[in-house]
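generate coordinates for the sequence data below:
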Amino acid sequence: MFQKFTITFLLSISLAASFAQAAPVEEESINKGRLEYEARCMHCHGDKADGKGHLVSFLKITPADLTVLNQSSDKSCVAEKVMKAVLGRHKSTTEGAKMTLLKDVISLEKVYFISEYIKSVQK
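Now for the predicted structure:
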């Protein structure tokens, strides 16, 4: 019984410590994601992630409004939607047209940071 209490107590302390440190880590991930977004996504998806980037008039498809990903009928999480888009496995409103694949030019770590930023701009 004492052993169960000790394990539970130590686990509780560990969780409390991780929550106390979560905010700075989350903020750092969002900032890294914002920088990656600005370098790789902003030109098409816009500086507000609303799908209104300065290259829109040159594109065959309209870029997605990334601020409403959590409102779509597709119940997958924002991070999964970002990953699918990078890998070219996302659904497009225009048949046969999808965004330029980034899977060969961007690391999974950077995709994670971008998804953290995109989560932070959800309406």
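
only C-alpha atoms from now on, for both contacts and neighbour counts.
Noted.

list the contacts for Arg40?
The contact partners of Arg40, taken as C-alpha atoms under 8 Å, 6 or more residues apart in numbering, number zero.

what's the spacing between it and Glu28?
Distance, Arg40 to Glu28, using C-alpha to C-alpha, to the nearest Å: 18 Å.

likewise for His45?
Taking C-alpha to C-alpha, one finds His45 at 22 Å from Glu28.

what does Tyr37 give?
Plainly put, Tyr37 is 14 Å away from Glu28 if you go by C-alpha to C-alpha.

and the two? which has more neighbours close in?
Tyr37 (23 against 15; other C-alpha atoms under 10 Å).

so what's the backbone phi/psi at the more buried one?
Here is the backbone geometry of Tyr37 (degrees, to the nearest 10): phi -60, psi -50.

make 206 the starting number, not 1.
Yes, from this point I'll number from 206; that puts the last item at Tyr242.

contact partners for the nearest residue to Leu274 once chain neighbours are set aside?
Distance criterion C-alpha to C-alpha, 6 or more residues apart in numbering; nearest residue to Leu274, sequence neighbours excluded, is Val283 at 6.1 Å. Listed by C-alpha under 8 Å, 6+ apart, the contact set of Val283 reads 274-275, 320, 323-324.

farthest pair in those?
Asn275 and Ser320 (12.0 Å; C-alpha to C-alpha).

report the contact partners of the closest residue to His259 other than its chain neighbours.
Nearest residue to His259 in three dimensions, chain neighbours excluded: His248, at 5.7 Å (C-alpha to C-alpha, 6+ apart). By C-alpha under 8 Å, 6+ apart, the contact list for His248 reads 258-260.

tally of neighbours for Ile235?
Count around Ile235 with other C-alpha under 10 Å applied: 22.

Asn275 and Ser320 - which one has more neighbours?
Ser320 (23 against 16).

nearest residue to the more buried one other than its sequence neighbours?
Ser320 sits nearest to Ala284 (C-alpha to C-alpha, 6+ apart), 5.0 Å away.
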